[in-house]
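Student: Here is my input, please return the structure:
(2 chains)
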2 protein chains.
Amino acid sequence: MQHNLQDTISLLARTPAALNALLRDLSETWTVRNEGEKTWSAFDILGHLIHGERTDWMPRARMILQFGEAKTFEPFDRWGQERESKGKSLAQLLDEFACLRSENLNELRGLNLRPEDLERRGKHPALGVVTLSELLATWAAHDLTHLHQISRVMAHQYREAVGPWSAYLGVLQCAGHSSP
Amino acid sequence: MQHNLQDTISLLARTPAALNALLRDLSETWTVRNEGEKTWSAFDILGHLIHGERTDWMPRARMILQFGEAKTFEPFDRWGQERESKGKSLAQLLDEFACLRSENLNELRGLNLRPEDLERRGKHPALGVVTLSELLATWAAHDLTHLHQISRVMAHQYREAVGPWSAYLGVLQCAGHSSP
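Tutor: Residues are numbered from 1 along each chain as shown, chains lettered A, B, ... in the order given. Model prediction:
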């Protein structure tokens, strides 16, 4: 399927409200528990999404437009959310994510990207040459990968409580598929 | 972890709003495409959730309270959503799901279940003896299994568009784990 920038923006615009509706004021049973050592809770994942808004998506888009392949992206710090989340409440993280996402989408819309801009290339430190189109599609798919993860981490908390139904619940069979 | 009825209700109460924030007015690229033959789109999954509100969770809870193990649950029709969804828009399904869920939770709260009620047993046609506690925990985990599925089905639409980033997106490695 061809990448469609309007589809990408419309999904990106909805994720903060969806997470807000799901998580705000929900008990900590669901929001701060993880899947075991070195895994993330919904709270941690929200910090990761915030860190991406600050350091990943739009900074990389700007770099492609400004430098093309001449300058390699900064590697993304997968544990950078610890700094973002420290001492904050879940409600604060939800507000912060919504605010940063909205600012970033305003900037993205303001670029008025043409189809030929989407074909411009940049350099990823591990993946090599990538296009602006791929970067923006990944931004949307990255939201979905973490919505997928949040639902799995939350379901994990009821692994025992569901009794024999665990056999029917696909999410409990999911071991996660993220790169380390 | 012990099953906590308040945690279950608070999650169940949020799912319709979360799906509404994610899906309402989103382009059909995201909402009506599936993962291939005999798989479900976000639209189909919403029909399945509605079908569960009508025929699965509260009807089974009532049956446990009324008949215990003496009467076996009706088998759940995993393709029953076709009837629920026919000719409807996604917006209608979102409204219907929110309305049914709200009615069902009102009824559940009205039962004023005590801890000993949660231990009452019923009979599942395939799983055998189950408790009311397990049924209600499964209702919540079932929401999460389908949120997990919706995010996967949507991400699938961008499988090509993300280019080499597909290697980093866990959701694209997920083949689904649901029982047939």
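Student: SS state for the residue nearest to the spatial centre of chain A?
Tutor: Of all residues in chain A, the one closest to the mean position by C-alpha atoms, centre = their mean is residue A:143, 3.8 Å from it. The three-state label given to residue A:143 by DSSP: H, G, I helix; E, B strand; the rest coil is helix.
Student: Which stretches in chain A count as helices?
Tutor: A:5-23, A:28-31, A:42-55, A:57-67, A:81-85, A:90-110, A:115-118, A:132-156, A:170-173 (DSSP state H).
Student: Contacts for stretch A:123-137 next, please.
Tutor: Applying C-beta atoms under 8 Å, 6 or more residues apart in numbering or on different chains, the contact partners of stretch A:123-137 are A:3, A:5, A:8, A:57, A:60-61, A:64-65, A:69-75, A:108, A:113, A:117-122, B:158, B:161-165, B:167. In this view, the C-beta of every residue, glycine as well, is placed from N, C-alpha and C.
Student: Any of the residues you listed buried? List them.
Tutor: Buried by 16 or more other C-beta atoms under 10 Å in any protein chain shown: A:3, A:5, A:8, A:57, A:60-61, A:64, A:73, A:108, A:113, A:117-118, A:120, A:122, B:158, B:161-163, B:165, out of the contacts of stretch A:123-137.
Student: returning to that earlier point: any idea which of the helices of chain A is most buried?
Tutor: Neighbour counts (mean count of other C-beta atoms under 10 Å in any protein chain shown) averaged over each of the helices of chain A peak at helix A:132-156, with a mean of 25.
Student: what is the mean pLDDT for it?
Tutor: For helix A:132-156, mean pLDDT rounds to 97.
Student: Measure how that helix sits relative to helix B:132-156, angle-wise.
Tutor: Compare the direction of helix A:132-156 with that of helix B:132-156 by axes from the mean of the first three to the mean of the last three C-alpha atoms, to 10 degrees and you get 170 degrees.
Student: Could you check how far helix A:132-156 is from the centre of its chain?
Tutor: With C-alpha atoms, centre = their mean, to the nearest Å as the basis, helix A:132-156 stands 5 Å off its chain's centre.
Student: Ok, stretch A:149-158 next?
Tutor: Centre-to-centre, stretch A:149-158 and its host chain are 16 Å apart (C-alpha atoms, centre = their mean).
Student: do that stretch and chain B meet?
Tutor: Yes - using C-beta under 8 Å from any C-beta of the partner chain, we find that stretch A:149-158 touches chain B at A:149, A:151, A:152, A:154, A:155, A:157, A:158.
Student: Cool, thanks, signing off.
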